[in-house]
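J.: turn this into a structure:
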Amino acid sequence: MTQATARGVAREENSGDTSALEQEVVALRKELRLLRLANEELERLVVRDTLTPLYNRRHFITCLIERLNRLGRYGTAAALVFIDVDGMKAINDTFGHSAGDYALNHVAHLLIGAVRSTDIAARVGGDEFALLLDGLDEASALNKAEHLSKLISSTECHFGDHILPLSASFGCTALRGGDSDFAAIARADMAMYAAKRRNGR
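T.: A predicted model of the protein is given here:
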């Protein structure tokens with residue numbers, strides 16, 4: 001084999017090696033992209049509710065603890081609102097569970113549209129929602145709850161040929177210095193059930 005022939009063979013071999021490496025780099029980049037997308041989806045599932053576009057209870061508790069710490073350090077006001085959708089059992093029994101799920105999503109979208117980007121809206125139970133409203137005292141939170149109550153009652157929820165009857169009961173409390181997350185939730189929960197009793201729901 002001449003030197004020229006040997007060099008040509010070497011170039012072909014190197015070219016083959018380079019091509020294989022380029023293909024491997026492309027495959028690795030594709031795999032990394034898929035892993036990144038899977039990781040983003042896992043992160044979303046960790047904080048998001050499985051039924052609605054809202055945050056889940058775990059993330060809500062984390063945010064509540066952060067707000068309580070901020071209140072303790074800087075005195076930053078925030079309010080907690082608990083919401084219970086009235087009559088969900090009757091909706092499920094009359095129209096089916098798919099109608100119930102649709103109603104919960106309807107309420108969730110109304111809440112998203114009515115709060116600020118700095119606020120936190122979550123589904124914390126079957127038919128229970130909660131809001132963390134930054135910078136609001138209890139009176140302001142009550143005004144917000146009244147507005148949301150009217151919004152839920154007056155916005156028709158169409159499910160097939162039916163209009164689902166929707167209303168909700170609200171309980172509000174301002175976060176207080178020295179509150180634990182349990183204490184703040186218990187206070188809002190009690191206020192919500194008191195409102196439900198007052199309204200006969």
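J.: how many residues are close by Ala108?
T.: Around Ala108 there are 19 other residues, counting by other C-beta atoms under 10 Å. For glycine as for every other residue, the C-beta is placed from the backbone atoms N, C-alpha and C.
J.: whoops, I mixed them up, Arg73
T.: If we define neighbours as other C-beta under 10 Å, then Arg73 has 8 of them.
J.: what is the subsequent helix or strand relative to the host helix or strand of it?
T.: If you go by DSSP states H and E, Arg73 is part of helix 57-74. Read in the C-terminal direction, the helix or strand following helix 57-74 is strand 78-85, with elements assigned using DSSP H and E.
J.: ok so Ser169 is a strand residue?
T.: Yes. Counting by DSSP: H, G, I helix; E, B strand; the rest coil, one finds Ser169 located in a strand.
J.: and the gap between the nearest residue to Phe60 once chain neighbours are set aside and Ala27?
T.: Using C-beta to C-beta, 6 or more residues apart in numbering and skipping residues adjacent in sequence, the residue nearest Phe60 is Ala122, 3.7 Å away. Distance of Ala122 to Ala27, computed by C-beta to C-beta, to the nearest Å: 40 Å.
J.: go on, Asn56?
T.: Per C-beta to C-beta, Asn56 is found 36 Å from Ala27.
J.: between the two, which one's more packed in?
T.: A direct count of neighbours by other C-beta under 10 Å for Asn56 and Ala27 places Asn56 higher, at 18 against 10.
J.: for this protein, which spans come out with low pLDDT?
T.: Counting by pLDDT under 70, the low-confidence segments of the chain come to 1-16, 35, 37-45.
J.: where do the domain boundaries of it fall?
T.: Following the assignment in automatic domain parsing, the chain carries domains at 1-47, 57-198.
J.: most tightly surrounded among these?
T.: Burial of the domains of the chain is given as mean neighbour count (mean count of other C-beta atoms under 10 Å); domain 57-198 ranks first at a mean of 17.
J.: can you give me the end-to-end distance of it?
T.: End-to-end distance for domain 57-198: 27 Å, by C-alpha to C-alpha, to the nearest Å.
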